[in-house]
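Undergrad: coords please:
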Amino acid sequence: MLATERHRKILSYLEAKGTARTVDLAEALQVTDETIRRDLQLLAESHLVGRVHGGATSLKGTVQLQSFTERSSIKVEQKKAIAAAAREQIEPGHTYAFDSSTTAFEMVCSLPDLNYRVVTNAYAVLHHMARMENVELISTGGRYHPKTQTFNGGDSLRTLRRHNINTAFISCVGLDPRRGASEGFEAQAGFKETLVQLAEKVVLLVDSSKLGNCSEYFFAELADLTTLITDDGADSTQVEKLRSEGCEVILAR
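TA: I've put the predicted structure just below:
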C-alpha cells in the first residue's frame, strides 16, 4: 500500500473514531508500528492530525454521533458475551439503572421477569421491559433525542436523584486508562456522570475496541467504576494496566 493511501485510511479512521492507537492502526493497515509512527509524524507536521501518547487524534472536531440503530449492528457477538456475564449480577429486590447503550440493551433483552426495579432514560429499554409484569419500570423522563433514542435534561437528572440505585449498568465510547470513560454526546455524558455519582455500584460494559480510546466528554474516572466487563479479545497489556489502577476487570467469553 502506498503512503498516500495509508494516510487517507488513517485520516478516515480518525474521523470515525476520534482517536486511535498506533498499534491498532498498524493492525488495521497490516504494516509495522514504526511505519504508522512515521505516517503520523508526517500527518502531524502537515497539521492534519494531533499526536497523543501512543497514537493520534483527529483535528476535525468531535466524533460523528452514531444512531442507536447504527450502533446496534456493531460488535454484536462481543456484546452478547458481555451481556451474559453482566446478567449474573441481577437479583430480585434491587434497583438497577441502565443507560441507552446497545450493550446495556443486549443485557436487558435477556433479563428474567422478576421482582426488581429498573430506572432508565433509554426508549429501547422502556419499550422492551414494558411487557414484563413483575419488573417495576421507571422512566426518567426529560427531552427526547431521536437519534440516540434517549431522554435527557434536568427532569431526567432529578428523577435519578429520587431513587436509591444499587447498580448502574452503563457503557461509553472510549475508556482511557488515565482519564477514564468518555462519551461523544454531552447530554448523555451528563446523565451518566450523575448516575455514576448516585449508584452504589457501577458496572461498565464495553467491548475491547473501546479500551485505550477516548471521546469528547469524560464522565467517570477508573476509581468511580466497581467493575469493568469486556470481551476476551481485549489486549492483555490494556487489561493489566486497568487492573494495576485498581479496576476489577471481567473478561466475557
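Undergrad: Leaving out sequence neighbours, find the closest residue to residue 177.
TA: Excluding the flanking residues, the one nearest residue 177 by C-beta to C-beta, 6 or more residues apart in numbering is residue 241, at 4.9 Å. For glycine as for every other residue, the C-beta is placed from the backbone atoms N, C-alpha and C.
Undergrad: Let me know the helix or strand that that neighbour is in.
TA: helix 236-244 (DSSP states H and E).
Undergrad: roughly how far out does that helix sit from the chain middle?
TA: Remark: helix 236-244 is offset 17 Å from the chain centroid, using C-alpha atoms, centre = their mean, to the nearest Å.
Undergrad: Show me what that helix is packed against.
TA: Where contact means 3 or more C-beta pairs under 8 Å, 6 or more residues apart in numbering; DSSP states H and E, helix 236-244 is packed against strand 248-252.
Undergrad: now the angle from the strand it packs on to helix 236-244?
TA: Interaxial angle of strand 248-252 relative to helix 236-244 (axes from the mean of the first three to the mean of the last three C-alpha atoms, to 10 degrees): 140 degrees.
Undergrad: how much space between residue 120 and residue 246?
TA: From residue 120 across to residue 246, the span is 28 Å (C-beta to C-beta, to the nearest Å).
Undergrad: Looking at the two, which has the bigger crowd around it?
TA: residue 120 (26 against 9; other C-beta atoms under 10 Å).
Undergrad: how's the chain carved up into domains?
TA: 3-58, 68-252 (automatic domain parsing).
Undergrad: Run a quick neighbour tally on the residue nearest to residue 177.
TA: Applying other C-beta under 10 Å, I find that residue 241 has 17 neighbouring residues.
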